[in-house]
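Student: coordinates only, no sequence provided:
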């Protein structure tokens, strides 16, 4: 919690409005935590993070969605609803022939055992799956009401909403901890203009059904150093969400723009063509 408060302190000094959505690391409950935090597990850990955010004026999935006014490329005044959400994952990003009961064994076949299994507790829910499904239902209610206003949405979630956006070739079976298939069509169902996610540490821009998807992870310190060595700083790593590029016609969406180090697409990943897992 101390580190999270430090981040909020710094971010609110540099940005007019800060939005926060929880990732898996913030939800960890470690035996090395301060004594005052030792009892925080699952939902109680999440709510402690929410209280910290409120102290700094940071908006979270527990707040009402806010309107963002901007001027588009044609000089027209526009607005969007900024929608931070929290969905977690339910292990459904897996091949059809791998069952939920066997999926952890499937991941272990390739040496993948996520730290989440030891430090991210679902309390008071029986499982992470159950917590995820509760969160998805809550988020869907809020997004449906927001979409009913007719204002385009900017949906922000730590985990990607679609399985086909998960491309992690070094650890493909880590997909289990990367989202839920329950959110697959939310970009269409809820009138999204942009969907923002992180988690994968694979910065990219995609277009699905003429909706822009931005993966904006900054990654680990080692990855920050790679960017610095390539001559970049935090400003070149940032992504413009609004107004952003022109929306393409359906069927004419550009291919994935991979951004390993830079913020302008000039450095490609070179992983080859992405494939579904």
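Tutor: Everything's here; your move. If you're wondering where the values come from, they're calculated on a predicted model, not measured in any experiment.
Student: what backbone torsions are found at residue 66?
Tutor: Phi and psi for residue 66, reported as degrees, to the nearest 10, are phi -120, psi 150.
Student: again, but for the one 5 residues further on
Tutor: Backbone torsions of residue 71, given as degrees, to the nearest 10, read phi -110, psi 130.
Student: strands of this protein, residue ranges please.
Tutor: 66-71, 77-84, 153-156, 192-197, 204-208, 211-215, 257-258 (DSSP state E).
Student: by how many degrees do the longest one and strand 192-197 diverge?
Tutor: This points to strand 77-84. 40 degrees (axes from the mean of the first three to the mean of the last three CA atoms, to 10 degrees).
Student: quickly, which of the strands of the chain bottoms out on average pLDDT?
Tutor: Lowest mean pLDDT within the strands of the chain: strand 257-258, at a mean of 90.
Student: packing partners of it?
Tutor: Packing partners of strand 257-258 (3 or more CB pairs under 8 Å, 6 or more residues apart in numbering; DSSP states H and E): strand 204-208. The C-beta positions use only the backbone N, C-alpha and C, and glycine is treated the same way.
Student: output the strands of the chain as TSV; include the columns mean neighbour count.
Tutor: As requested, the strands of the chain are exported to TSV (neighbours: other CB atoms under 10 Å):
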stretch	mean neighbour count
strand 66-71	12
strand 77-84	18
strand 153-156	24
strand 192-197	24
strand 204-208	20
strand 211-215	22
strand 257-258	18
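Student: dump those strands into JSON lines; add distance to residue 98 as well.
Tutor: Output for those, formatted as JSON lines (distance: least, CB to CB, whole Å):
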{"stretch": "strand 66-71", "distance to residue 98": "40"}
{"stretch": "strand 77-84", "distance to residue 98": "31"}
{"stretch": "strand 153-156", "distance to residue 98": "28"}
{"stretch": "strand 192-197", "distance to residue 98": "23"}
{"stretch": "strand 204-208", "distance to residue 98": "24"}
{"stretch": "strand 211-215", "distance to residue 98": "24"}
{"stretch": "strand 257-258", "distance to residue 98": "27"}
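Student: what sits against the residue positioned nearest the centre of the chain?
Tutor: For the chain, the residue sitting closest to the mean C-alpha position, by CA atoms, centre = their mean, is residue 158 at 2.1 Å. The contact partners of residue 158, taken as CB atoms under 8 Å, 6 or more residues apart in numbering, are 21, 22, 23, 24, 86, 197, 198, 199.
Student: please repeat the previous calculation with a cut-off of 6 Å.
Tutor: Residue 158 sits next to 21, 23, 198, 199 when contact means CB atoms under 6 Å, 6 or more residues apart in numbering.
Student: for residue 99, state which of those is nearest.
Tutor: Using CB to CB, residue 199 comes nearest to residue 99 of the contacts of residue 158, at 23.9 Å.
Student: which pLDDT does the model give that closest one?
Tutor: 97.
Student: hang on, isn't residue 136 packed against residue 182?
Tutor: Yes - in terms of CB atoms under 6 Å, residue 136 counts as a neighbour of residue 182; the distance is 4.9 Å.
Student: pull out the buried residues from the top helix by length along the chain.
Tutor: In the chain, taking DSSP state H as the definition, the longest helix is helix 128-147. Of all the residues in helix 128-147, those buried under the rule 16 or more other CB atoms under 10 Å are 128-129, 131-133, 135-136, 139-140, 142-143, 146-147.
Student: hang on, the earlier thing: quick one, phi/psi of the residue nearest to the centre of the chain?
Tutor: Dihedral angles (degrees, to the nearest 10) for residue 158: phi -60, psi -40.
Student: so what pLDDT did residue 97 get?
Tutor: Listed pLDDT for residue 97 reads 98.
Student: same deal with residue 218?
Tutor: 88.
Student: and for residue 1?
Tutor: Value listed for residue 1 in the pLDDT field: 89.
Student: how far does the worst-scoring helix or strand of the chain on mean pLDDT sit from the chain's center?
Tutor: Here the helix or strand of the chain ranked lowest by mean pLDDT, DSSP states H and E is helix 234-237, holding a mean of 84. Computed by CA atoms, centre = their mean, to the nearest Å, the chain-centroid distance of helix 234-237 equals 18 Å.
Student: excluding its backbone neighbours, what's nearest residue 212?
Tutor: residue 194 (4.9 Å; CB to CB, 6 or more residues apart in numbering).
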